[in-house]
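Enquirer: from the sequence below, what's the structure:
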Amino acid sequence: MSRLKDVARQANVSIATVSRVVNNAANIRDETRFRVQLAMKQLKYRPSRIAKRLRSKSSSGNLIGVMVPDISNPFYIDVLSGIEDYMYRQNFLIIICNFSQDEKKEQLYLDALVSESVDGLIVAPAHENDQKIISLIKENLPFVCIDRHLADTDADVVVVDNEQGAFNAVNFLLECGYNKIAYVSGLPRIPTSRQRENGYRMALENHKIPFRSELIKYGDSTHRSGIVLTEELLSQELIPDAIFTGNNLITLGALEAIAVRGLKIPDDIGLIGFDDMPWSNSLNPPLTAVKQPAYEIGRRAAELLYQRIIEPARPSVRIVLKTKLMIRKSTKSIPRKVKLN
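Expert: Below you'll find the model as predicted:
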């Protein structure tokens, strides 16, 4: 059975172009449309009926794709809620794909979504030089990036100020009297991981605390990496007196490793996580964390995508939302005056 990419190869066009021909889009040159239709006939290609079935149940017949790197991360669940709530009101259906931080899997899902003639995509790119996504944007497929940006690419994006959020967290730890603060990072190739490390370094520099490379551990943003890297920190010669974790899954792993050691928070070690979750306040002690407006990220991204679909030529928009440090009881003492920008 012929696939969309077979037609694209036969007609010497992109998959996105074939999808637009199948979807009877208006912005296709007659010569290109004819070449694609001829290839479809020669290859006996039949458009997917999945999208048609989905569209037949929608009053407007509109469909978008959403791709996230880790569906097990509660942050992305809230982002998806924001997207779904907004798009449902606009009579759009959503296909959700989880690529598990795997770029090959991401490319596979992108091809599948384009083959289903989605009207647009909301994606957290695998990294900032994601060529597959960049090529789709250049082909004028409506696109919005969330959580992570693309380098040197003119595209709509919704992110948070990761540097400032991390700076606020580490600055707070320093104001509390900690001076051997470790950072457990996610994947270094992800822009958010590097931005949070920049904030960590900026706070140390602000307090004239020397940077110690042995106090930074790089992982893969998972719960398991949080366990392993925290164990490494607690086993090395320079043991931290506080830990700043790069996301909520890493935080869970760090909590587990600290508990196995029999250490008490905050008496033996301080802890602040990036990402505030509903369970943060239910821990003993309640966890101080950097809160991201995840639902708002999703809602604003959906709004941008909808605007891009109805107005393809509008200028690109970059939205940077603020974080908030939720101060609870996972540090030894709370300073009377803490400057949080």
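Enquirer: in the stretch 201-341 of the chain, which spans are strands?
Expert: Taking DSSP state E, counting those that start in this stretch as the test, the strands found in the stretch 201-341 of the chain are 216-218, 242-245, 270-274, 288-291, 318-321, 324-326.
Enquirer: mind putting those strands in a markdown table, distance to residue 158 and mean pLDDT included?
Expert: C-beta: built from backbone N, CA, C; applies to glycine. Formatted as a markdown table, these follow (distance: least, C-beta to C-beta, whole Å; pLDDT from 0 to 100):
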| stretch | distance to residue 158 | mean pLDDT |
| --- | --- | --- |
| strand 216-218 | 26 | 98 |
| strand 242-245 | 23 | 98 |
| strand 270-274 | 17 | 98 |
| strand 288-291 | 16 | 97 |
| strand 318-321 | 5 | 98 |
| strand 324-326 | 17 | 97 |
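Enquirer: winner for burial among these?
Expert: strand 242-245 (a mean of 30; mean count of other C-beta atoms under 10 Å).
Enquirer: gap between the closest residue to residue 127 other than its chain neighbours and residue 207?
Expert: Using C-beta to C-beta, 6 or more residues apart in numbering and skipping the chain neighbours, the partner closest in space to residue 127 is residue 189 (4.6 Å). In this view, residue 189 and residue 207 are 29 Å apart by C-beta to C-beta, to the nearest Å.
Enquirer: before we move on, what about residue 332?
Expert: Residue 332 is 17 Å from residue 207, where distance means C-beta to C-beta.
Enquirer: by mean pLDDT, flag the weakest helix or strand of this protein.
Expert: helix 49-56 (a mean of 54; mean pLDDT, DSSP states H and E).
Enquirer: and the residue nearest to residue 127, what pLDDT?
Expert: Note on residue 189: pLDDT of 90.
Enquirer: okay but it is in contact with residue 130, surely?
Expert: No: counting by C-beta atoms under 8 Å, residue 189 does not reach residue 130; the two are 10.2 Å apart.
Enquirer: so which of the two has more stuff around it?
Expert: residue 130 (23 against 14; other C-beta atoms under 10 Å).
Enquirer: separation between the residue nearest to residue 20 when sequence neighbours are not counted and residue 131?
Expert: In space, and not counting its chain neighbours, residue 20 is closest to residue 28: 5.7 Å by C-beta to C-beta, 6+ apart. From residue 28 across to residue 131, the span is 24 Å (C-beta to C-beta).
Enquirer: for the stretch 151-300 of the chain, which segments are assigned as helices?
Expert: 162-175, 191-206, 223-235, 248-260, 294-310 (DSSP state H, counting those that start in this stretch).
Enquirer: mean neighbour count and distance to residue 212 added to these, as a markdown table?
Expert: Rendered in a markdown table, the data for the helices of the stretch 151-300 of the chain read as follows (neighbours: other C-beta atoms under 10 Å; distance: least, C-beta to C-beta, whole Å):
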| stretch | mean neighbour count | distance to residue 212 |
| --- | --- | --- |
| helix 162-175 | 23 | 13 |
| helix 191-206 | 20 | 9 |
| helix 223-235 | 20 | 11 |
| helix 248-260 | 22 | 18 |
| helix 294-310 | 21 | 32 |
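Enquirer: relative to residue 111, which of the ones you listed is closest?
Expert: helix 294-310 (19.4 Å; C-beta to C-beta).
Enquirer: re the thing from before, pretty sure the residue nearest to residue 20 is touching residue 21, no?
Expert: Yes: between residue 28 and residue 21 there is a contact under C-beta under 8 Å: 5.8 Å.
Enquirer: those two: which has the busier surroundings?
Expert: More crowded of residue 28 and residue 21, by other C-beta under 10 Å: residue 21, with 23 against 16.
Enquirer: can you classify the nearest residue to the more buried one once chain neighbours are set aside by secondary structure?
Expert: Nearest residue to residue 21, sequence neighbours excluded (C-beta to C-beta, 6+ apart): residue 36, at 4.3 Å. Following DSSP: H, G, I helix; E, B strand; the rest coil, residue 36 is assigned to helix.
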